[in-house]
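A.B. asks: What would the 3D arrangement of this be:
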Amino acid sequence: MMMSWLLAASMAAPSGAGEPAKIDVPAYGGGIACRQAFLDEYKEKSMVWSLGFWSGMNIARGETAGNGLDALGVRDKVKAVCTAQPTLPLISAVILARKTTLGR
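C.D. replies: Residues are numbered from 1 along each chain as shown. Modelled structure (predicted):
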């Protein structure tokens, strides 16, 4: 399942002239608020970042949060948190969304 997230993320990443999308990974999730993350100009980068951070946390913690969700399912979980709390940084929304899938 995790591989399908990574594949979906790589397919969703915009590219120009064969170059991979460039995202400032350390700053992106903490530097963008939920209210911005799903605007047209940011939604692709936000989705790719969210999927990578979510799956990275699963690996780091040895967890399977979101098992059974595809990329759109993860996006919907994060978007629900963002809709409820638009001032949260995206990183916090991903952390909270992951917790809902772990039953904690």
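
A.B. asks: Give me the longest helix you can find in this protein.
C.D. replies: Secondary structure of the chain per DSSP state H: the longest helix is helix 43-61.

A.B. asks: Mind giving me the packing neighbours of it?
C.D. replies: The contact analysis (3 or more C-beta pairs under 8 Å, 6 or more residues apart in numbering; DSSP states H and E) places helix 43-61 against helix 2-12, helix 25-31, helix 71-84, helix 90-102. For the C-beta atoms, the positions are set from N, CA and C on the backbone; glycine is no exception.

A.B. asks: Pick out the shakiest of those helices, pLDDT-wise.
C.D. replies: The minimum mean pLDDT among the helices and strands packed on helix 43-61 belongs to helix 2-12 (a mean of 44).

A.B. asks: neighbouring contacts of stretch 91-100?
C.D. replies: If you take C-beta atoms under 8 Å, 6 or more residues apart in numbering as the criterion, stretch 91-100 is touched by 29-30, 34, 37, 50, 53-54, 57-58, 65-66, 74, 77-78, 80-82, 85, 88.

A.B. asks: check contacts around the spatially most central residue of the chain.
C.D. replies: The chain has S50 as the residue nearest its centroid, 1.2 Å off, counting by C-alpha atoms, centre = their mean. S50 is in contact with G29, V74, R75, V78, L90, V94, counting by C-beta under 8 Å, 6+ apart.
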